[in-house]
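Undergrad: Here's a sequence, model it:
(chains A and B)
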Amino acid sequence: EADIYQTPRYLVIGTGKKITLECSQTMGHDKMYWYQQDPGMELHLIHYSYGVNSTEKGDLSSESTVSRIRTEHFPLTLESARPSHTSQYLCASSESNTGELFFGEGSRLTVL
Amino acid sequence: AQSVAQPEDQVNVAEGNPLTVKCTYSVSGNPYLFWYVQYPNRGLQFLLKYITGDNLVKGSYGFEAEFNKSQTSFHLKKPSALVSDSALYFCAVRDRDTGGFKTIFGAGTRLFVKA
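TA: Residues are numbered from 1 along each chain as shown, chains lettered A, B, ... in the order given. Reported below is the predicted structural model:
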């Protein structure tokens, strides 16, 4: 089992609310990633980090922001949620350039 | 730029029969290739990867995949399918030369194994 955790698993909120999706890993991996996935559909990379104080935007434009103050923690924040943000958000980490990704269970966000 | 194509949205196979899930890729440099599986309402689980060496790689749950550089393919195979193999399968690529640590995923192929 991979040691990467996401909370909350499910979240239903109203438009305009600020939300933070938490992601933590205990494997000491430098590389961490956020993917967005509509149910049963492809994954889109929205943010990644190569290490502490390093964050980059992915291939899919996203209004969310991320931070990487500690190696183990890579939270994603939406300042003002909208219905278009409804999706599943998957956090992942990897050890090296040849290493596979370890995924969390995902956070399914619904914005009403 | 990196890209991955999974030409089949869905693959149907009878239990006990061999299965193949197709994947082709495009990278500027040399690829690292991966297969992942996703069960409903779960994250993705790693199945196998090609980094270098033998073109035939073996992974979890009896799955294997063959790297074919000339055809830029990395098809997933299993000799005898199980009903429990029914899931969503993703092929992924990382460009070892120019892609940094970004992993790009295909659109996914849904596998149905009928008893």
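
Undergrad: From here on, just use CA atoms for contacts and neighbour counts.
TA: Will do.

Undergrad: Determine if any part of the helix or strand bottoming out on mean pLDDT in chain B is in contact with chain A.
TA: Ranked by mean pLDDT, DSSP states H and E, the helix or strand of chain B with the weakest confidence is strand B:104-105, at a mean of 90. Yes. Judged by Cα under 8 Å from any Cα of the partner chain, strand B:104-105 comes into contact with chain A at B:Ile104, B:Phe105.

Undergrad: That strand - contacts with which helices or strands?
TA: Under the contact definition 3 or more Cα pairs under 8 Å, 6 or more residues apart in numbering or on different chains; DSSP states H and E, strand B:104-105 sits against strand A:43-51, strand B:3-5, strand B:87-95.

Undergrad: contacting residues around whatever helix or strand A:Ser93 lives in?
TA: In this structure, A:Ser93 sits in strand A:87-94 according to DSSP states H and E. With contacts defined as Cα atoms under 8 Å, 6 or more residues apart in numbering or on different chains, strand A:87-94 is touched by A:4, A:6, A:23, A:25, A:29-39, A:100-110, B:43.

Undergrad: how big is the angle separating that strand from strand A:43-51?
TA: 40 degrees (axes from the mean of the first three to the mean of the last three Cα atoms, to 10 degrees).

Undergrad: what packs against the helix or strand following strand A:87-94?
TA: The first helix or strand that comes after strand A:87-94 along the chain, using DSSP H and E, is strand A:102-103. In this structure, strand A:102-103 makes packing contacts with strand A:87-94, strand B:44-50, judged by 3+ Cα pairs under 8 Å, 6+ apart.

Undergrad: can you tell if the last one touches chain A?
TA: Yes. Judged by Cα under 8 Å from any Cα, strand B:44-50 and chain A are in contact via B:Leu44, B:Gln45, B:Phe46, B:Lys49.

Undergrad: for the second one, what are its contacts?
TA: This means B:Gln45. B:Gln45 touches A:Phe102, A:Phe103, B:Tyr36, B:Val37, B:Gln38, counting by Cα under 8 Å, 6+ apart.

Undergrad: again with the third one
TA: B:Phe46 makes contact with A:Glu100, A:Leu101, A:Phe102, B:Phe34, B:Trp35, B:Tyr36, B:Val37, according to Cα under 8 Å, 6+ apart.

Undergrad: which strand residues sit across from it in the sheet?
TA: Going by DSSP bridges, B:Phe46 is paired in beta bridges with B:Tyr36.

Undergrad: Likewise for the one 10 residues further on?
TA: According to DSSP bridges, the residues that bridge with B:Leu56 are B:Glu66.

Undergrad: Surely it and B:Phe67 touch.
TA: Yes. Counting by Cα atoms under 8 Å, B:Phe67 is a contact partner of B:Leu56 at 6.4 Å.

Undergrad: Format the contacts of B:Gln45 as TSV; extra columns: pLDDT.
TA: TSV is the format used below for those (pLDDT from 0 to 100):
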residue	pLDDT
A:Phe102	93
A:Phe103	94
B:Tyr36	97
B:Val37	96
B:Gln38	94
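
Undergrad: Need those in TSV (columns: distance to A:Thr71 and neighbour count).
TA: Conversion of the contacts of B:Gln45 to TSV gives the following (distance: Cα to Cα, whole Å; neighbours: other Cα atoms under 10 Å in any protein chain shown):
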residue	distance to A:Thr71	neighbour count
A:Phe102	15	24
A:Phe103	16	26
B:Tyr36	25	20
B:Val37	27	21
B:Gln38	26	18
